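S.K.: Have a look at this fold, sequence not included:
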């Protein structure tokens, strides 16, 4: 697999683009910054662009779909094949269950290299979504020792995801300021450099709200059959299978959204 970083991290097609295991928390400090090729993106050149615009960061949960006036556009490419491009989830339910909207949930992991490469594509794709689609970003809760899901939900609770989300991908995969298996103190210290109150953030990571969200995210991923990242779930009904490329995941997603729209 070969991934070239350009201004938007253009990607070559690959098979089974997914991560399913965080780097070992027991690894020695010098080894902790290195994961297997399936877990982290290749080192970026010095002029590589970050995952988000530092001057105008995007919050994955901030924009209300109702405020989006983009027109509905017909999906491109061949129609997806059940069992090959996507799996129907028996008894599945959306995570947020927003009435009258089609939910697209991305289960991701900050330490996952494929998720880092997917993020610029997701950001561009979200910007074109019509108002009847509700995008939800959810961290994968595969390991209780993984502090990044807590960091995500703590930042969401504090209303600071616009500052931390893309910056966390940058810190792990480009700037190497955070280890893929960073502890809570290291994450809080890094978020402090972004202007986040470290004491409040550390406290929020252990809050009832964050624990509740971790439980909901874990249950959603389990009932949706998620075992790797990134994984897209459409309206709780369809799980997109890792495609030939990351772009192919979005092609299939567009068709499944159109299917749900036609069924309503």
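M.R.: Arrived safely, thanks for sending. Quantities reported herein were computed from a predicted structural model and do not represent experimental measurements.

S.K.: I'd like the mean pLDDT over stretch 243-260, please.
M.R.: The pLDDT scores in stretch 243-260 average 94.

S.K.: Would you mind listing the buried residues in that stretch?
M.R.: Residues of stretch 243-260 classed as buried: 243, 245-246, 248-260 (neighbour count, 16 or more other CB atoms under 10 Å). Every C-beta, even on glycine, is put in place using the N, C-alpha and C of the backbone.

S.K.: Determine which two of these are furthest apart.
M.R.: 245 and 260 (23.2 Å; CB to CB).

S.K.: Sketch out the low-pLDDT regions of the stretch 51-200 of the chain for me.
M.R.: Across the stretch 51-200 of the chain, the ranges flagged by pLDDT under 70 are 51-67.

S.K.: 50 instead, please
M.R.: 53-59, 62-66 (pLDDT under 50).

S.K.: hey, where'd the helices end up in it?
M.R.: In order along the chain, the stretch 51-200 of the chain carries the following helices (DSSP state H, counting those that start in this stretch): 113-126, 148-158, 161-173, 184-193, 198-205.

S.K.: Residue 68 touches residue 130, doesn't it?
M.R.: Yes - contact criterion CB atoms under 8 Å: residue 68 and residue 130 qualify, at 6.5 Å.

S.K.: for residue 217, phi and psi?
M.R.: In terms of degrees, to the nearest 10, the main-chain angles of residue 217 are phi -60, psi -40.

S.K.: Contacts only, for it.
M.R.: 95, 107, 138, 139, 140, 141, 149, 153 (CB atoms under 8 Å, 6 or more residues apart in numbering).

S.K.: do that again at 6 Å, thanks
M.R.: Counting by CB atoms under 6 Å, 6 or more residues apart in numbering, residue 217 makes contact with 138, 141.

S.K.: Same question for the one 4 residues further on.
M.R.: The neighbours of residue 221, taking CB under 6 Å, 6+ apart as the test, are residue 107.

S.K.: hmm, try it at 10 Å
M.R.: Contact partners of residue 221, counting by CB atoms under 10 Å, 6 or more residues apart in numbering, are 95, 105, 107, 138, 139, 140, 141, 142, 227, 229, 231, 233.

S.K.: Shouldn't it be within a helix?
M.R.: Yes - applying DSSP: H, G, I helix; E, B strand; the rest coil, one finds residue 221 inside a helix.
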